[in-house]
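K.L.:
Prediction below, plus the sequence it came from.
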Amino acid sequence: MPAEVLVERDGAVQVITINRPHARNALDAAVAHAVAAAVDELDASDDLRVGVLTGAGGTFSAGMDLKAFLRGERPSIEGRGLCGITMTPPRKPLVGAAEGWALGGGFELLLACDLVVAARTARFGVPEVKRALVARGGGALLLAGRVPLAVALELLLTGEPFGAERAAAVGLVNRLTDEGGALDGALELAHTIAGNGPLAVVATKRIARGSADWTVAEGWVRQDDIVAPVFASADAKEGAAAFAEKRPPVWRGR
């Protein structure tokens, strides 16, 4: 049997592919643990700077595997959420690359990504209410932080699907591509990020992600604590030197 999750490296970018096209990349326990292990590798490796999450066969993910659910499986990891990333996303940036459908838990995985690139033909949805369920993998909790509240409530309470064009218009999708081009678009975006100072990228994500829970006064203090080691790093000196010498910087992550 082929691996249910493929993990590859493209330079400093890790590509994680949910590889169950026969089941529209539905999420079971094996997928959850494999994705969690991949993002752990992303965070632990000095050679990896950005992750890309996608699905095989022209579909991102149809959400939880209901057959596995009936067997007692859950695609969540205790304390970490769906596939190990919805409650505890990786420290390093994660870009979603969406083709076809991203439904339910599949859509919630995209919400765990920092940036999303989607084909114009991609379709999204949080249909849980249609089955008397709640989008507990991050949809109900996080969607209103990504789009205006009225839009989030419409999507959550109707359960109706929506297209990539609308997702881009409300800010859920960063870039649109032609059909079949989402992964290439995500890799282009990921490599652009990976070319920047790795310590600065991680610190910037930490501030941007965490600041929603901070008061303004607290934010300035916490930001200083996070950025002080970055400004004191060898990479910061290298960035200034490379600019002055008109050459590409050589980052060492320290």
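P.N.:
Ah, there it is. Residues are numbered from 1 along each chain as shown.

K.L.:
So for Met1, what's the pLDDT?
P.N.:
For Met1, the pLDDT comes out at 58.

K.L.:
Apologies, that question was intended for Leu110.
P.N.:
We have a pLDDT of 96 for Leu110.

K.L.:
Then Glu73?
P.N.:
84.

K.L.:
same deal with Ala212?
P.N.:
At Ala212, pLDDT is 86.

K.L.:
How many neighbouring residues does it have?
P.N.:
Residues lying near Ala212 (other Cβ atoms under 10 Å) number 8. For the C-beta atoms, the positions are set from N, CA and C on the backbone; glycine is no exception.

K.L.:
and if you look at Leu153?
P.N.:
Neighbours around Leu153, by other Cβ under 10 Å: 14.

K.L.:
can you give me the strands for the stretch 51-200 of the chain?
P.N.:
76-77, 81-82, 94-98, 101-103, 115-119, 123-125, 162-163, 175-177 (DSSP state E, counting those that start in this stretch).

K.L.:
Give me the mean pLDDT for the fifth one.
P.N.:
When pLDDT is averaged over strand 115-119, the result is 98.

K.L.:
just checking, what packs against that strand?
P.N.:
strand 94-98, helix 164-169, strand 175-177, helix 182-194 (3 or more Cβ pairs under 8 Å, 6 or more residues apart in numbering; DSSP states H and E).

K.L.:
buried ones in stretch 162-171?
P.N.:
Of all the residues in stretch 162-171, those buried under the rule 16 or more other Cβ atoms under 10 Å are 162, 164, 167-168.

K.L.:
Could you identify the most distant pair in those?
P.N.:
Phe162 and Ala168 (10.7 Å; Cβ to Cβ).

K.L.:
just the helices and strands packed on strand 115-119: most buried one?
P.N.:
Among those, ranked by average contacts under mean count of other Cβ atoms under 10 Å, first place goes to strand 94-98 (a mean of 28).
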